[in-house]
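S.K.: Below are the sequence and a predicted model for it; my questions follow.
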Amino acid sequence: MDIYIFLYLIFVVAPAGTAIHELGHMLGAKSVGADKISLTIGAGSIVYRTIWNKMHIAIRLFFFIGGMAYSERQAPYQPAERIRIAVFGPFSSLLAAGICAIIYYVYPGSYLLLMLLFNLWIAFINIIPFRFKGKESDGYTVFEAIRRK
């Protein structure tokens with residue numbers, strides 16, 4: 001593997017794909033009237049923090065290691081609202097992959113293909129219902145919301 005493609009995957013594609021996915025969850029939470037929404041990209045100490053439109057965004061030192069969106073409001077979310085928030089993440093990843101696919105069709109290149117494939121991977125992995133070390137996939141959130149309905 002070309003070292004430049006590997007570095008691009010770790011330091012550009014993974015954080016960008018994660019941010020796109022988590023921003024989808026933020027939009028879903030905003031659409032159901034969340035009182036507090038926060039987005040964290042990476043792990044370690046915070047290197048950048050901002051508040052934009054009542055949404056808290058934090059970028060951590062190891063920005064290439066995952067991310068998480070969190071939202072809450074005074075009234076508990078209804079199952080349909082939980083589903084909406086959960087589905088917006090994979091949907092935004094699929095939308096990003098679709099945009100990359102259109103651009104790739106016109107301007108093919110390995111860097112763009114990597115962004116396309118990573119966004120597809122994030123979308124499909126998150127659709128699968130699973131729990132791991134206390135964290136739930138979007139598919140698991142949807143499954144639980146349907147089960148509790």
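M.R.: Structure's in. What do you need? Owing to the predicted nature of the structure, the values given are computational and were not obtained by experimental measurement. Numbering: from 1, shown residues only.
S.K.: rest of the way, CA atoms for contacts and neighbours
M.R.: Will do.
S.K.: So which residues of this protein form strands?
M.R.: 36-52, 55-72, 131-132, 135-136 (DSSP state E).
S.K.: Just give me how far the last one sits from the chain centre.
M.R.: Here the centre of strand 135-136 is set off from its chain's centre by 13 Å, with C-alpha atoms, centre = their mean, to the nearest Å.
S.K.: mean confidence for it?
M.R.: In this model, strand 135-136 has an average pLDDT of 88.
S.K.: in stretch 32-45, what's buried?
M.R.: For stretch 32-45, a neighbour-count test (16 or more other C-alpha atoms under 10 Å) marks 32, 33, 34, 36, 37, 38, 39, 40, 41, 42 as buried.
S.K.: err, stretch 128-137, not the other one
M.R.: 128, 137.
S.K.: Pull the residues that contact that stretch.
M.R.: Contacts with stretch 128-137, where a contact means C-alpha atoms under 8 Å, 6 or more residues apart in numbering, come from 126, 127, 138, 139, 140, 141, 142, 143.
S.K.: Thanks a lot, catch you later.
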